[in-house]
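Trainee: A structural model of the following input is requested.
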Amino acid sequence: MLTLAQASDAPSRSLLDYIADGRQVGFIIIGLSITVVVLIIIQLVRLQREQLAPGEQVARLGELLRRRDLPGALAYCQDEENSSFLTRVFGAALLRVSRSPFGGLELRTALEEAGQAQTARLYRGVDAIAVIASVAPMLGLLGTTIGMVGAFDTLRAGGGVARPDQLAGDISVALITTVLGLIVAIPSTAVHALLRNRVESLVGTVAEIIEDLAAIVEAGGQQPQRQAPSAASRPTPPRAGVGSQVGGS
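Mentor: The predicted model follows:
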């Protein structure tokens, strides 16, 4: 009964008290948690259909290409004010075509390579979240190790005997840093997977837009009529990865 009474009289602890018990490693993990939240917000804003391929840019490029104004389309894509996934891919392809002796014959290859480069750029932004998701539990393990080493040092200093309150601080470091690391890592891993799927979906959507624009170039400025290919002539879709979607078949 005395023990229960003492426990009930113990002061309640706030979340900040528990974080403080994690000491330096705990504060580093908290810093990582703030960083990952900022990164997630940035990616959620960045990975929008209107951010990657704004409707006004699609309309403007389509207008220029139907007029067969390839230099004008290239200048539009290279304008920093129009920078987007769409203009970076199409602009790089048009620049390569303008410099190549093969001209428009190289358009598809140029689009595919530029698309792969820009898709990799999107993935790099998302993968920064995965880095934090991997580092956070390792920092938690580091805190656990530091706490256990401190506890054993306390026992050694006391000749193998120590009161619980003497060990409590080091054990708190060991446990709290582990918890903090997992709290950061688990949701970060889940969000990373969701954002990678979103990148793949958006790249596929933008690839269809780029395919339509490329078809206008190949049709000599005329709006191409989509026709379903026959079973014999239908190309096998590429399976190389997300980047190949941008280049088309």
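Trainee: Tell me where this structure has helices.
Mentor: Ranges of helices in the chain, per DSSP state H, are 2-9, 15-21, 23-46, 49-52, 55-66, 70-78, 85-99, 107-157, 164-218, 242-247.
Trainee: The ones you listed into a markdown table, with extra columns for mean pLDDT and mean neighbour count?
Mentor: Bear in mind the C-beta positions are built from the backbone N, C-alpha and C, glycine included. Formatted as a markdown table, those follow (pLDDT from 0 to 100; neighbours: other C-beta atoms under 10 Å):
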| stretch | mean pLDDT | mean neighbour count |
| --- | --- | --- |
| helix 2-9 | 45 | 8 |
| helix 15-21 | 63 | 13 |
| helix 23-46 | 90 | 16 |
| helix 49-52 | 89 | 14 |
| helix 55-66 | 89 | 17 |
| helix 70-78 | 89 | 18 |
| helix 85-99 | 87 | 21 |
| helix 107-157 | 86 | 18 |
| helix 164-218 | 86 | 18 |
| helix 242-247 | 44 | 22 |
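Trainee: need the contact list for the residue most central in space within the chain.
Mentor: Central residue of the chain (C-alpha atoms, centre = their mean): V126, 0.8 Å from the mean position. When contacts are counted by C-beta atoms under 8 Å, 6 or more residues apart in numbering, V126 touches 43, 47, 192, 195-196, 199.
Trainee: Kindly recompute the last result at 7 Å.
Mentor: 43, 192, 195-196, 199 (C-beta atoms under 7 Å, 6 or more residues apart in numbering).
Trainee: Kindly report the same for S188.
Mentor: 36, 129, 132-133.
Trainee: I'd like to know how far the residue nearest to the centre of the chain sits from E80.
Mentor: Per C-beta to C-beta, to the nearest Å, V126 is found 24 Å from E80.
Trainee: cool, G72 as well?
Mentor: Counting by C-beta to C-beta, the gap from G72 to E80 is 16 Å.
Trainee: do L139 as well
Mentor: 39 Å.
Trainee: circling back to that earlier point, tell me the one among the contacts of V126 nearest to L175.
Mentor: H192 (26.0 Å; C-beta to C-beta).
Trainee: From A207, how far out is that closest one?
Mentor: 23 Å.
Trainee: next one: A120
Mentor: Taken as C-beta to C-beta, the span from A120 to A207 is 15 Å.
Trainee: got it, and E112?
Mentor: In terms of C-beta to C-beta, E112 sits 10 Å off from A207.
Trainee: next one: G140
Mentor: From G140 to A207 the distance is 40 Å (C-beta to C-beta).
Trainee: residues touching the residue nearest to L182 when sequence neighbours are not counted, list them.
Mentor: Closest residue to L182 apart from its sequence neighbours, by C-beta to C-beta, 6 or more residues apart in numbering: P137 at 6.0 Å. Contact analysis of P137 by C-beta under 7 Å, 6+ apart lists 181-182, 185.
Trainee: Repeat that for T205.
Mentor: R49.
Trainee: where's it relative to A93, distance?
Mentor: From T205 to A93 the distance is 18 Å (C-beta to C-beta).
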